[in-house]
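[1] Return atomic coordinates for the entry below.
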Amino acid sequence: MNWIILILAGIFEIGWAIGLKYTDGFTRLWPTVGTVLAMVISLGLLGIAMKSLPVGTAYAVWVGVGAVGTAILGIVLFGEPANAGRLLSLAFILAGIIGLKLATPA
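    Next up, the predicted model:
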């Protein structure tokens, strides 16, 4: 269950990272409110997951999920480049997340 909570925390991290783009430097009220709410939820879920998962593993997976998801949404939403180097790098991050899951007892 804590792995599911951790993945949800990572999804909310994606939400606040993308949300930052829409806040226009925190000058737009509702995107700012949504971004801050996603931050609070993300950190709260990360804290819950860390109750039983090792801190290094939990943090690395949280950041990895956020990084991969944010990069993919950057490609889809903002037309960022999707070249072979970027996609291969994202695949390596994903492989690291999977490796940490397989190597972590819990």
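
[2] Can you tell me how far the nearest residue in space to residue 28 that is not next to it in sequence is from residue 102?
    Leaving aside its chain neighbours, residue 28 sits nearest to residue 22 (6.8 Å; criterion: C-beta to C-beta, 6 or more residues apart in numbering). Placement of C-beta: from N, CA and C, glycine included. Taking C-beta to C-beta, to the nearest Å as the measure, residue 22 falls 36 Å from residue 102.

[3] Could you check which of those two has the larger neighbour count?
    For residue 22 versus residue 102, the count of surrounding residues by other C-beta atoms under 10 Å is larger for residue 22: 13 against 7.

[4] Do you know the pLDDT at residue 105?
    Residue 105 is assigned a pLDDT of 82 by the prediction.

[5] for residue 63, that is, sorry about that
    Reported pLDDT for residue 63: 98.

[6] which outside residues touch stretch 89-98?
    60, 61, 64, 65, 67, 68, 71, 72 (C-beta atoms under 8 Å, 6 or more residues apart in numbering).

[7] so where do the helices sit in the protein?
    2-22, 29-49, 55-78, 84-103 (DSSP state H).

[8] Please identify the buried residues of stretch 21-34?
    For stretch 21-34, the neighbour count (16 or more other C-beta atoms under 10 Å) marks 23, 31, 32, 34 as buried.

[9] Check stretch 32-50 too.
    32, 34, 35, 38, 39, 41, 42, 45, 46, 48, 49, 50.

[10] can you redo those as CSV with distance to residue 77 and pLDDT?
    Formatted as CSV, those follow (distance: C-beta to C-beta, whole Å; pLDDT from 0 to 100):
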residue, distance to residue 77, pLDDT
32, 18, 98
34, 15, 98
35, 15, 98
38, 16, 98
39, 19, 98
41, 21, 98
42, 19, 98
45, 23, 98
46, 24, 98
48, 29, 98
49, 27, 97
50, 30, 97
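
[11] what's near enough to touch the residue nearest the centre of the chain?
    Centrality entry for the chain: nearest residue to the mean C-alpha point is residue 66, 1.7 Å, by C-alpha atoms, centre = their mean. Counting by C-beta under 8 Å, 6+ apart, residue 66 touches 10, 13, 14, 17.
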